[in-house]
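Trainee: Can you look at this prediction? I've put the sequence above it.
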Amino acid sequence: MTRKLYIRTFGCQMNEYDSAKMVDILGASEPIETTEQPEDADIILFNTCSVREKAQEKVFSDLGRARDLKAIKPNLIIGVGGCVASQEGEAIVRRAPYVDVVFGPQTLHRLPDLINARQDTGRPQVDISFPEIEKFDHLPAPRVEGPTAFVSIIEGCSKYCSFCVVPYTRGTEVSRPSIDVLTEIAELAQQGVREVTLLGQNVNAFIDAHASIDFTGLLELVCEVPGIERVRFTTSHPKEFSARLIEAFARLPKLASYVHLPVQSGSDRILAAMKRGYTALEYKSIIRRLRAARPDVAISSDFIVGFPGETEEDFEATMRLIDDCGFESAYSFIYSPRPGTPAADLPDAVSAEEKLARLQRLQARIDQNSRQLGESMQGSEQIVLIEGPARKNPQELMGRTSNNWVVNFAPSSQEAVGDFVQLRIEAALPHSLRGAPL
């Protein structure tokens, strides 16, 4: 009998990657098909994120709705994975005793065994241990649909920024062996993947000490895999954005002209309180050298607004940094204290109204930069990887430029998903471009 699986994913691309692997793992152990409707499911999984306060609250809200479904279907399996699971552990089962399995980011490969143990014993199963890189040794062969794929190369974080729970929920940095990464990418290329995105909490901290390969060395090897024509990576950390990595953008044409490099603040005082390990000037130096190596590179970033003690002067320093760096896009949030982090104990005198006003000013400035970049691309010719039908019009196709802009276009007869095509950009819309095949 085929069981139906519903997964709700919160948070980052690492979680998106992990959710895809959960589908593969369960599918390798029994007949499984996914569903978009939780009421149709035999297994409901919530892959959670604890970086933002509201994401954590949302999980327990959704669990309440899943409890109602379980009242109708007593054999329904409800599981909680990801970072909230890692942080809360047994407390989830105490708060929601109808939850059957709780597992962390490093134990998702044990999911079939946890579900079986729950059914055999009648007791909820909790496994939030950190067995380092074990999970990758137990994952099925990669299976994809479409010409793009994510590949996780490093797990965890060892930076211990004062505001962040990731080191406590995903463990410290552990890199996969480079041969395993390259084997996975080669298998993806054989399935028609043309573009890979290397994933990690701090992806450029990757190091394979046994093979003497750092992150830049891995990029060089990935660019040599037959069939792979474009390489991206996220998320990188300024502390490890080395001169060698910057220089790679000048000599590896397969590297996409797009970098996501979180800065969080433009104030040195706030950066020190966040324990980020760099100054605004050092960050700007990275961006300046990166643009010299790859003039068309688009830069996106992360910002936390209203960190405890942030003054108007600190915020203005962030706005100046945005002007100096010309960020094309950004993820920006109002600071929310996470239990167990050093910053949660800092006094915070900034009002919620002031934080919201600052966030809106920052987002307006980023939107202005984005519009200017889009308008500057009008009339240009761009190489676009066709990823599938356009979201709003299935008769059209959509693809992505090297600098990560979505382009929608009406195809002629010969374009197909997975092709790289040359398009002339005819119009810039708020969050996408319109193009025409040349």
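Mentor: Structure received.
Trainee: would Lys399 count as being in a helix?
Mentor: Not quite, residue 399 is Gly, not Lys. No: counting by DSSP: H, G, I helix; E, B strand; the rest coil, Gly399 is located in no helix; its state is strand.
Trainee: any idea how far Gly171 is from it?
Mentor: 36 Å (C-beta to C-beta, to the nearest Å). Quick note: C-beta positions are derived from backbone N, CA and C, even for glycine.
Trainee: which residues of this protein score low on pLDDT?
Mentor: 51-56, 132-138, 142 (pLDDT under 70).
Trainee: go again using 80 as the cut-off
Mentor: By pLDDT under 80, the low-scoring segments of the chain are 11-13, 50-59, 130-144, 413.
Trainee: which residues in it form helices?
Mentor: Ranges of helices in the chain, per DSSP state H, are 13-29, 53-72, 82-88, 90-95, 111-121, 134-137, 166-170, 178-190, 215-223, 243-251, 268-274, 280-293, 312-325, 352-376.
Trainee: just those: most buried one?
Mentor: When the helices of the chain are scored by mean count of other C-beta atoms under 10 Å, the highest mean neighbour count falls to helix 82-88 (a mean of 26).
Trainee: Show me what that helix is packed against.
Mentor: If you count contacts as 3 or more C-beta pairs under 8 Å, 6 or more residues apart in numbering; DSSP states H and E, helix 82-88 packs onto helix 13-29, strand 43-48, helix 53-72, helix 90-95, strand 101-103, helix 166-170.
Trainee: Need the helices of the chain in TSV (columns: distance to Asn408).
Mentor: Shown next, in TSV, are the helices of the chain (distance: least, C-beta to C-beta, whole Å):
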stretch	distance to Asn408
helix 13-29	22
helix 53-72	30
helix 82-88	33
helix 90-95	42
helix 111-121	37
helix 134-137	36
helix 166-170	35
helix 178-190	26
helix 215-223	28
helix 243-251	28
helix 268-274	38
helix 280-293	28
helix 312-325	28
helix 352-376	13
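Trainee: can you tell me which of these comes nearest to Leu45?
Mentor: Of all the helices of the chain, helix 13-29 sits nearest to Leu45, with 6.2 Å by C-beta to C-beta.
Trainee: what's the angle from that closest one to strand 43-48?
Mentor: Interaxial angle of helix 13-29 relative to strand 43-48 (axes from the mean of the first three to the mean of the last three C-alpha atoms, to 10 degrees): 160 degrees.
Trainee: other SSEs contacting helix 13-29?
Mentor: Judged by 3+ C-beta pairs under 8 Å, 6+ apart, helix 13-29 is in contact with strand 3-9, strand 32-34, strand 43-48, helix 82-88, helix 111-121, strand 148-152, strand 195-199.
Trainee: on that earlier part again, let me know which of the helices and strands packed on helix 82-88 is the nearest to Cys325.
Mentor: helix 13-29 (22.2 Å).
Trainee: which residue packs closest to Ser236, ignoring adjacent ones?
Mentor: Asn204 (4.4 Å; C-beta to C-beta, 6 or more residues apart in numbering).
Trainee: neighbours around the one you found, how many?
Mentor: 27 (other C-beta atoms under 10 Å).
Trainee: is it true that it touches Pro238?
Mentor: No: counting by C-beta atoms under 8 Å, Pro238 is not a contact partner of Asn204; they are 9.3 Å apart.
Trainee: Render the CA-only coordinates of stretch 84-92 in PDB, please.
Mentor: Extracted in PDB, the C-alpha atoms of stretch 84-92 (Å, rounded to 0.1, in the frame of the first residue of the first chain):
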ATOM      1  CA  VAL A  84      13.000  23.600  16.500                       C
ATOM      2  CA  ALA A  85      13.000  19.800  17.000                       C
ATOM      3  CA  SER A  86      16.700  20.000  17.800                       C
ATOM      4  CA  GLN A  87      16.300  22.800  20.300                       C
ATOM      5  CA  GLU A  88      13.100  21.600  22.000                       C
ATOM      6  CA  GLY A  89      13.500  17.800  21.800                       C
ATOM      7  CA  GLU A  90      11.400  16.000  24.400                       C
ATOM      8  CA  ALA A  91       9.600  19.300  25.300                       C
ATOM      9  CA  ILE A  92       7.700  19.000  22.000                       C
END
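Trainee: Please enumerate residues in contact with that stretch?
Mentor: Residues outside stretch 84-92 that contact it (C-beta atoms under 8 Å, 6 or more residues apart in numbering) are 48-50, 55-56, 59, 80, 95, 99, 102-105, 126, 128, 165, 168-170, 340.
Trainee: Go again with 6 Å.
Mentor: Applying C-beta atoms under 6 Å, 6 or more residues apart in numbering, the contact partners of stretch 84-92 are Thr48, Ser50, Gln56, Val59, Val80, Val99, Val102, Gly104, Val126, Ile128, Thr169.
Trainee: Leaving out chain neighbours, which residue sits closest to Arg294?
Mentor: Phe249 is the one closest to Arg294 (C-beta to C-beta, 6+ apart), at 4.0 Å.
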